[in-house]
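Student: what follows is a predicted protein model with its sequence.
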2 protein chains.
Amino acid sequence: MNFADYLPIWNELSSQQKAHIESASETRKVSKGTILYNGNIDCLGLVLVCSGQIRAYILSDEGREVTISRFFEYDICFFSASCVMPSMQFNIVVEAEKDSEICIIPACLYKNLMDESMPVMSYSNKLISGSFSDLMWLVEQIMWKSIDKRLAAFLLEESAVEGSNILPITHEKIGNHMGTAREVVTRMLKYFQSEGMVKLTRGTVEITDEGKLRDLCE
Amino acid sequence: MNFADYLPIWNELSSQQKAHIESASETRKVSKGTILYNGNIDCLGLVLVCSGQIRAYILSDEGREVTISRFFEYDICFFSASCVMPSMQFNIVVEAEKDSEICIIPACLYKNLMDESMPVMSYSNKLISGSFSDLMWLVEQIMWKSIDKRLAAFLLEESAVEGSNILPITHEKIGNHMGTAREVVTRMLKYFQSEGMVKLTRGTVEITDEGKLRDLCE
């Protein structure tokens, strides 16, 4: 585990701080679907994504989901450390979206580092600000964009993530990402199919006209 | 202007830092409707609300609005200083919702203070985290709550802000707060009226059954 690859502030830390992180952090393999943090589980810490894919989402009382952020290789998820951030009060679930390898910097250690190190505090500030901007973007999407545009954008994002035009994803999963009922997703996908933009088979969505999907987004 | 009343970290600043703030800050009277910041105007700074009411909102390409935050006496609006926050990238408009008296700590001064003072950096962190939690709450409202519940909650909030059951507000203004079309607000208010929860007159909404509105929210 080479922390310098993950933490841009690594070289601004003291030798002692580096040693603390190296000795207290834990590398873990988690399989797809593992819940890493749900706001009730003991405060976890900062999650560094070594490989795989992590998703943070909120959950309604009725069990509906909407994806807030997704984290890929070299990304850092701080939602699982929000328990040590001042004034952070919300429930969020962090799960492995694929089989992943993660490294956890424990919450208490991270909090101490924030309190004693200006670079760490400043970096935390940057992480939160970045997530704030992402969340603002999500609000704009939800408020101003119609479902067809959001679905087209999601399919293109997913295609970029998977590096393929054939997406092994159910309509229900898509609904969970977008915070939309499965029926609405199915109806819209059938419309996309009738327009030649996608081809639907059991358990997959194949993008057949990327350009047309992209036009729809813009 | 007694900064200690507004800035919880005032006593953690050096005499020199305090003097800088006192000499560089500007107290301003702004009338209702004044745009203080719109993401294009030169980076403003931290806005301390001495009296009145400030609103931060986002705007769609079609001119639709949705309120992100409202700031009252003793509140601090950092959206107008987001230009100096790292990784903050979004467009937001900050306006005086009522005639207000504000004090502005200029962006460049605030940035310098953040860079040199751990308490200021930590406090900024707290401000952003708090706004992040508020925004998360808004996302939950938009995603999970139906329009009737959101409207009932808005009327109750507005009544608490105004200290009155008679709200001098147009249906369009309500729509702008909620990010909803005026027609939808009007239809819902008429339904509320038929249920005896409000009484509508030209330019005002009177809450006639607070309990029933409250029941609807919960």
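Tutor: It's in. Keep in mind that what you see is a predicted model, and the values were worked out from it rather than measured. Numbers count the residues shown, from 1 in each chain, chains lettered A, B, ... in the order given.
Student: show me where chain A has its strands.
Tutor: A:26-30, A:35-37, A:45-51, A:54-59, A:65-71, A:76-77, A:93-96, A:100-106, A:166-167, A:198-201, A:204-207 (DSSP state E).
Student: so which bits of chain A are right by chain B?
Tutor: With CB under 8 Å from any CB of the partner chain as the criterion, chain A meets chain B at residues A:58, A:60-62, A:64, A:66, A:68, A:85-90, A:92, A:114, A:118, A:121-122, A:124-133, A:135-140, A:142-144, A:179. For glycine as for every other residue, the C-beta is placed from the backbone atoms N, C-alpha and C.
Student: one more time with 6 Å
Tutor: Neighbours of chain B within chain A, by CB under 6 Å from any CB of the partner chain: A:60, A:66, A:85-90, A:118, A:121-122, A:125-126, A:128-130, A:132-133, A:135-136, A:142-144, A:179.
Student: quick check: which of the strands of chain A is buried the most?
Tutor: strand A:76-77 (a mean of 24; mean count of other CB atoms under 10 Å in any protein chain shown).
Student: relative to the whole chain's centre, how far out is that one?
Tutor: Offset of strand A:76-77 from its chain centre (CA atoms, centre = their mean, to the nearest Å): 8 Å.
Student: any chance you could list what contacts that strand?
Tutor: Applying CB atoms under 6 Å, 6 or more residues apart in numbering or on different chains, the set of residues contacting strand A:76-77 from outside is A:Val47, A:Leu48, A:Ile54, A:Phe71.
Student: other residues contacting stretch A:163-172?
Tutor: Contacts with stretch A:163-172, where a contact means CB under 6 Å, 6+ apart, come from A:Glu158, A:Ser159, A:Arg182, A:Val185, A:Thr186, A:Thr204, A:Val205, A:Glu206, A:Ile207.
Student: if we go to 7 Å?
Tutor: Contacts with stretch A:163-172, where a contact means CB atoms under 7 Å, 6 or more residues apart in numbering or on different chains, come from A:Leu155, A:Glu158, A:Ser159, A:Arg182, A:Val185, A:Thr186, A:Leu189, A:Gly203, A:Thr204, A:Val205, A:Glu206, A:Ile207.
Student: okay, the fifth one: pLDDT?
Tutor: The predicted structure scores A:Val185 at 93 on the pLDDT scale.
Student: list the beta-bridge partners for the most centrally placed residue in chain A.
Tutor: Taking CA atoms, centre = their mean, the centroid of chain A lies closest to A:Arg70, which sits 1.6 Å from it. Judged by DSSP bridges, the bridge partners of A:Arg70 are A:Arg55.
Student: return the residues in contact with it.
Tutor: Residues near A:Arg70 by CB under 7 Å, 6+ apart: A:Gln53, A:Arg55, A:Glu97.
Student: among the residues you listed, which one sits closest to chain B?
Tutor: Checking these against chain B with CB to the nearest CB, the nearest one is A:Arg55 at 15.5 Å.
Student: give the contact list for the closest one.
Tutor: By CB under 7 Å, 6+ apart, the contact list for A:Arg55 reads A:Thr67, A:Arg70, A:Glu95, A:Glu97.
Student: leaving out sequence neighbours, find the closest residue to A:Met136.
Tutor: Distance criterion CB to CB, 6 or more residues apart in numbering or on different chains; nearest residue to A:Met136, sequence neighbours excluded, is B:Phe90 at 4.2 Å.
Student: which pLDDT value goes with that neighbour?
Tutor: pLDDT, B:Phe90: 82.
Student: let me know whether it touches A:Ser133 as I believe.
Tutor: Yes - shown here, B:Phe90 and A:Ser133 form a contact pair, counting by CB atoms under 7 Å, at 5.2 Å.
Student: export the contacts of stretch A:163-172 to TSV and tack on distance to A:Leu167?
Tutor: TSV is the format used below for those (distance: CB to CB, whole Å):
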residue	distance to A:Leu167
A:Leu155	7
A:Glu158	5
A:Ser159	6
A:Arg182	16
A:Val185	13
A:Thr186	15
A:Leu189	11
A:Gly203	10
A:Thr204	6
A:Val205	5
A:Glu206	7
A:Ile207	7
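Student: check these against A:Phe78 and report the nearest one.
Tutor: Taking CB to CB as the measure, A:Phe78 lies nearest A:Glu158 of the contacts of stretch A:163-172, at 23.7 Å.
Student: for chain B, see how far away the closest one is.
Tutor: Separation of A:Glu158 from chain B (CB to the nearest CB, to the nearest Å): 20 Å.
Student: mind listing what that residue touches?
Tutor: A:Leu167, A:Ile169.
Student: pLDDT wise, what is it at?
Tutor: 94.
Student: from A:Leu138, how far out is it?
Tutor: Applying CB to CB, to the nearest Å, the value for A:Glu158 to A:Leu138 is 16 Å.
Student: then A:Leu44?
Tutor: Note on A:Leu44: its distance to A:Leu138, by CB to CB, is 23 Å.
Student: then A:Thr27?
Tutor: A:Thr27 is 31 Å from A:Leu138, where distance means CB to CB.
Student: then A:Asp115?
Tutor: Here the criterion is CB to CB. By it, A:Asp115 lies 31 Å from A:Leu138.
Student: neighbour count winner among those two?
Tutor: A:Leu138 (20 against 12; other CB atoms under 10 Å in any protein chain shown).
Student: so who does the more buried one touch?
Tutor: So, once contact is read as CB under 7 Å, 6+ apart, A:Leu138 ends up touching A:Ile68, B:Val139.
Student: state the distance from it to B:Thr208.
Tutor: Distance, A:Leu138 to B:Thr208, using CB to CB: 37 Å.
Student: likewise A:Pro86?
Tutor: Relative to B:Thr208, and taking CB to CB, A:Pro86 is found at 41 Å.
Student: doesn't A:Ile92 make contact with A:Leu59?
Tutor: No - with contact defined as CB under 7 Å, A:Leu59 does not count as touching A:Ile92 (8.6 Å).
Student: next, count neighbours for A:Ser82.
Tutor: Around A:Ser82 there are 27 residues (other CB under 10 Å).
Student: now it. Nearest residue, chain neighbours left out?
Tutor: Computed as CB to CB, 6+ apart, the closest residue to A:Ser82 that is not its neighbour in sequence is A:Met88, at 4.1 Å.
Student: residues in contact with the one you found?
Tutor: The contact partners of A:Met88, taken as CB under 7 Å, 6+ apart, are A:Ser82, B:Ser129, B:Phe132, B:Ser133.
Student: just the residues you listed: which are in helices?
Tutor: Judged by DSSP state H, the contacts of A:Met88 include B:Ser129, B:Phe132, B:Ser133 as members of helices.
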